[in-house]
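S.K.: dropping a prediction and its sequence here:
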Amino acid sequence: MAKANTPSDLGSLLASVLQQKDWQRRLRLHQVFLFWEEVVGSEIARHAQPHVIKGDVLWLSVTDSIWMQQLQFERHHLLELLNARLGGGEEGPRLADLKFQLDSSPRRRQKGSPKKAVVHEIDHEQFAQFSASLNSIEDQEVKESMKRLWLSMHSRTQGAERAGE
């Protein structure tokens, strides 16, 4: 045993800490982030991605509730596939369960299905009248902000009127 004041080999110290904290197993468990698509296939990977591992539970971010329900039915099969890929048998790292959460953030939208911008025609006469009513405002920045607000509101009103037609 080394004396308390004697420097230890960094490699053996790190190995000791990894073993004490069970970080080696946790690191191996997180490999699921690397091979996710390979194991589950591109179709599932397009709609569900690993988000976080809490304990032995893998949380998946899923694009919509339909896929969440489908994956719930396939949960046990997916767990088997993932645990087989993690290896190690009963002694090695294993996922105990899969949990799901909806993630509809823009970064999760599928390629090839971007939201299309809706363009509405502007009534230039109404816009000119509105712009003229802003002449009493001295601050140019405020004037421009008011114009942008009017254009935004006009666009939404036009869209709502057309939807009701």
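M.R.: Everything's here; your move.
S.K.: tell me which helix or strand of the protein sits lowest on mean pLDDT?
M.R.: helix 140-164 (a mean of 65; mean pLDDT, DSSP states H and E).
S.K.: host element of Trp36?
M.R.: Secondary structure assignment for Trp36, by DSSP states H and E: helix 32-40.
S.K.: skip ahead from that helix and say which helix or strand is next.
M.R.: Past helix 32-40, heading to the C-terminal end, the next element that is a helix or strand (DSSP H and E) is helix 42-47.
S.K.: output the contacting helices and strands for the next helix or strand along the chain from that following helix.
M.R.: Next along the chain after helix 42-47, taking DSSP H and E as the criterion, comes strand 48-54. With contacts defined as 3 or more CB pairs under 8 Å, 6 or more residues apart in numbering; DSSP states H and E, the packing partners of strand 48-54 are helix 32-40, strand 57-62. Bear in mind the C-beta positions are built from the backbone N, C-alpha and C, glycine included.
S.K.: three-state assignment of Leu79?
M.R.: The assignment at Leu79 comes out as helix when based on DSSP: H, G, I helix; E, B strand; the rest coil.
S.K.: OK, contacts around it?
M.R.: Residues touching Leu79, when contacts are defined by CB atoms under 8 Å, 6 or more residues apart in numbering, comprise 95, 97-98.
S.K.: now swap in Leu86 and tell me
M.R.: Each residue near Leu86 by CB under 8 Å, 6+ apart is listed here: 28-29, 31-32, 92-95.
S.K.: now it: how far from Leu27?
M.R.: Shown here: Leu86 relative to Leu27, a distance of 11 Å by CB to CB, to the nearest Å.
S.K.: repeat that for Met68.
M.R.: Using CB to CB, Met68 is found at 28 Å from Leu27.
S.K.: and these two? Which one has more around it.
M.R.: Met68 (17 against 11; other CB atoms under 10 Å).
S.K.: ok so, going back, so what does the helix holding Trp36 touch, helix or strand wise?
M.R.: Using 3+ CB pairs under 8 Å, 6+ apart, helix 32-40 sits against strand 48-54, helix 75-86.
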